[in-house]
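Asker: Show me the folded form of this:
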Amino acid sequence: MAAVKERVLIIDDEYSIRDVLSGILSSEGLEVATAADGVEGIEMLSRESFNLVITDLRMPKADGIAVLRHIQERNMDCLGIVATAYGSIESAIEALRAGAFDYITKPFHIDEIRHLIRRALEYRGLKRENVELKRQLQKSNRIQNIVGDSSSMKRLFDTINSVAETDATCLILGASGTGKELVAKAIHYNSRRNARPLVAVNCAAIPEDLLESELFGHVKGAFTGAVGDRAGRFQLADGGTIFLDEIGDMTPKLQVKVLRVLQEQEFEPVGATKTVKVNVRVLAATNRNLEERVKEACFARIYSIA
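Answerer: Next up is the predicted model:
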């Protein structure tokens, strides 16, 4: 089977530029289409798929910035290059802000445009490889990697699927070695937050005097050794999920701080006076009997067990 050619769209109101670029790109083994202005180019982008767009900056009807914004706003898998005779710092910045991969001024040398196109297509290829790698890494943590076909496991899968569709805070109970972290990963990677970080913290493995800073971060001078500001795990998990493993070992003092994050989605780093707002889903796990910990006054009743 023959390899699929990369498709390039040239948008320029000058026929001579379209003709020259078409010849250069065709000689590179690329499939080329052309448009005489921005409106025609946007219409073609709406109908067809392209890997790369080379657009003039100043054109009638719709300019190159409008073309780039069309690509950017629709999250198209396509890179844009601006080629213009009206080069300036301001126009270059505007093009880059609109999502351009790069910027070239007319007149340009043939070798220069060839090099730029190769670099753009190589970058796009690497970007797609990274996206696929990330997808594969996420896939390795999905439900199909939890083995079991008993009725209990099927109920677990159903629960994971139901919970994953929500932003609800979840408590995962079970003895050590029963796969609580695996369940947490499955919930996160099957949720709408799966493109954002999953940050795990083992609350039993970090000394009490360090856990507060680990979770909430600190500012410079907050304590001996705090030589600079440091973001905590909650801040690193912003937009995603934080997994608090062995939460049953957390001290009441820290439980109150975590409760504030659960209720208000905000906290103060150690030594800070300013509040940090976050959007974090909390998953927690423990092998302890929390009902007994509550009776022992070692754990606050801030949860319900289904």
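
Asker: In contact with D77, which residues?
Answerer: 49, 51, 124, 128 (Cβ atoms under 8 Å, 6 or more residues apart in numbering). Placement of C-beta: from N, CA and C, glycine included.

Asker: will you turn the residues you listed into TSV that also has neighbour count and distance to D13?
Answerer: TSV is the format used below for these (neighbours: other Cβ atoms under 10 Å; distance: Cβ to Cβ, whole Å):
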residue	neighbour count	distance to D13
S49	10	24
N51	21	23
R124	17	26
R128	12	31
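
Asker: I'd like to know which of the residues you listed is nearest to R260.
Answerer: R260 has its nearest neighbour among those in R128, at 41.6 Å by Cβ to Cβ.

Asker: following the helix or strand harbouring that closest one, which helix or strand comes up?
Answerer: According to DSSP states H and E, R128 maps onto helix 110-139. Using DSSP H and E, the helix or strand that follows helix 110-139 in sequence is helix 151-164.

Asker: could you point out which element follows that next one?
Answerer: strand 170-173.

Asker: helices or strands up against that next one?
Answerer: In terms of contacts (3 or more Cβ pairs under 8 Å, 6 or more residues apart in numbering; DSSP states H and E), strand 170-173 is packed against helix 180-189, strand 281-286.

Asker: Pick out the shakiest of these, pLDDT-wise.
Answerer: In terms of average pLDDT, helix 180-189 trails the rest of the helices and strands packed on strand 170-173, at a mean of 90.

Asker: those strands in the stretch 201-306 of the chain, which residues are they?
Answerer: Secondary structure of the stretch 201-306 of the chain (DSSP state E, counting those that start in this stretch): strands at 241-245, 266-267, 276-277, 281-286.

Asker: Turn these into CSV, columns for mean neighbour count and distance to P252.
Answerer: Shown next, in CSV, are those (neighbours: other Cβ atoms under 10 Å; distance: least, Cβ to Cβ, whole Å):
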stretch, mean neighbour count, distance to P252
strand 241-245, 24, 15
strand 266-267, 17, 16
strand 276-277, 14, 22
strand 281-286, 23, 15
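
Asker: Please tell me how far whatever helix or strand L96 lives in is from the chain's geometric centre.
Answerer: Per DSSP H and E, L96 falls inside helix 89-97. Chain-centre distance of helix 89-97: 25 Å, with Cα atoms, centre = their mean, to the nearest Å.

Asker: Now do it, average pLDDT.
Answerer: 77.

Asker: Show me where the stretch 201-306 of the chain has its helices.
Answerer: 208-216, 233-236, 252-264, 290-295 (DSSP state H, counting those that start in this stretch).

Asker: Compute the inter-axis angle for the longest one and strand 281-286.
Answerer: Looking back up the chat, that one is helix 252-264. 150 degrees (axes from the mean of the first three to the mean of the last three Cα atoms, to 10 degrees).

Asker: Quickly list the domain ranges of this structure.
Answerer: 7-137, 145-295 (automatic domain parsing).

Asker: so what's the residue nearest to E181 when sequence neighbours are not counted bridging to?
Answerer: Spatial nearest neighbour of E181, chain neighbours left out: D245 (6.3 Å); criterion: Cβ to Cβ, 6 or more residues apart in numbering. Note on D245: beta-bridge partners by DSSP bridges are N202, A285.

Asker: For D209, see how far away E14 is.
Answerer: 69 Å (Cβ to Cβ, to the nearest Å).
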